[in-house]
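Novice: coordinates for the following, if possible.
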Amino acid sequence: MPNQLKAYSFIATSLDGFIAREDGGIDWLPTYGDEDYGYEEFFSSIDALVLGRNSYELILGFETWPYGDKPVVVLSSRSDQIPRPDGGRVYTSGGRVEEVVRDLTDSGYERVYVDGGKTIQAFIRSKALHAITISRIPVLLGSGIPLFGELEADVNLVHEATRSFPDGLVQSRYRFDYDRA
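Specialist: From the prediction side, this is the model:
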């Protein structure tokens, strides 16, 4: 029997809850020296990534491919039009979250990193996101792309930890409790 896949997210938001500007811009994110806010430890613990197409295309614009040789699944209905980075292991899926989770589980993956607003929202709606780490950046954008979208019902979370950093960033980790009414 395959191991149970667990999906995690590690994401930054503005203090008012946006993950990007209306145009997708993330120029407001800090680029602080050597502090990585626990990202490297988190990233080293995951087996593969699941990204939405918009997030993937944004990342393709970075100077270097940040995911090394970890497998990346890009959710897109237009899989034939996805550019591939040099050295990256990129696959596409037009399937629903349940199919993606099943395929990743069948491939032997146990811990996946889910990124991108719509993708995170889809994993939450499917009750497939195990935990989320949210780093709140001390900036107000006023408008933009929200981290969370509409839900059919309340989703309960269990607070696991909160850390604050000297630059004002506050990071909290929550585990989803889909069974609690």
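
Novice: quick one: low-confidence parts of the protein?
Specialist: Low-confidence segments of the chain, defined by pLDDT under 70: 1-3, 32-33, 78-80, 181.

Novice: and the strands in it?
Specialist: Ranges of strands in the chain, per DSSP state E, are 6-14, 18-20, 48-52, 71-75, 89-93, 111-115, 129-137, 145-146, 156-164, 170-177.

Novice: now render these as CSV, adding distance to residue 39 and mean neighbour count.
Specialist: Bear in mind the C-beta positions are built from the backbone N, C-alpha and C, glycine included. Shown next, in CSV, are the strands of the chain (distance: least, Cβ to Cβ, whole Å; neighbours: other Cβ atoms under 10 Å):
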stretch, distance to residue 39, mean neighbour count
strand 6-14, 6, 21
strand 18-20, 15, 23
strand 48-52, 13, 23
strand 71-75, 16, 22
strand 89-93, 20, 17
strand 111-115, 10, 22
strand 129-137, 9, 19
strand 145-146, 20, 18
strand 156-164, 13, 12
strand 170-177, 10, 16
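
Novice: ok, which of those comes nearest residue 58?
Specialist: Ranking these by proximity to residue 58 (Cβ to Cβ) places strand 18-20 first, at 8.0 Å.

Novice: who are the packing partners of that closest one?
Specialist: In this structure, strand 18-20 makes packing contacts with strand 6-14, strand 145-146, judged by 3 or more Cβ pairs under 8 Å, 6 or more residues apart in numbering; DSSP states H and E.
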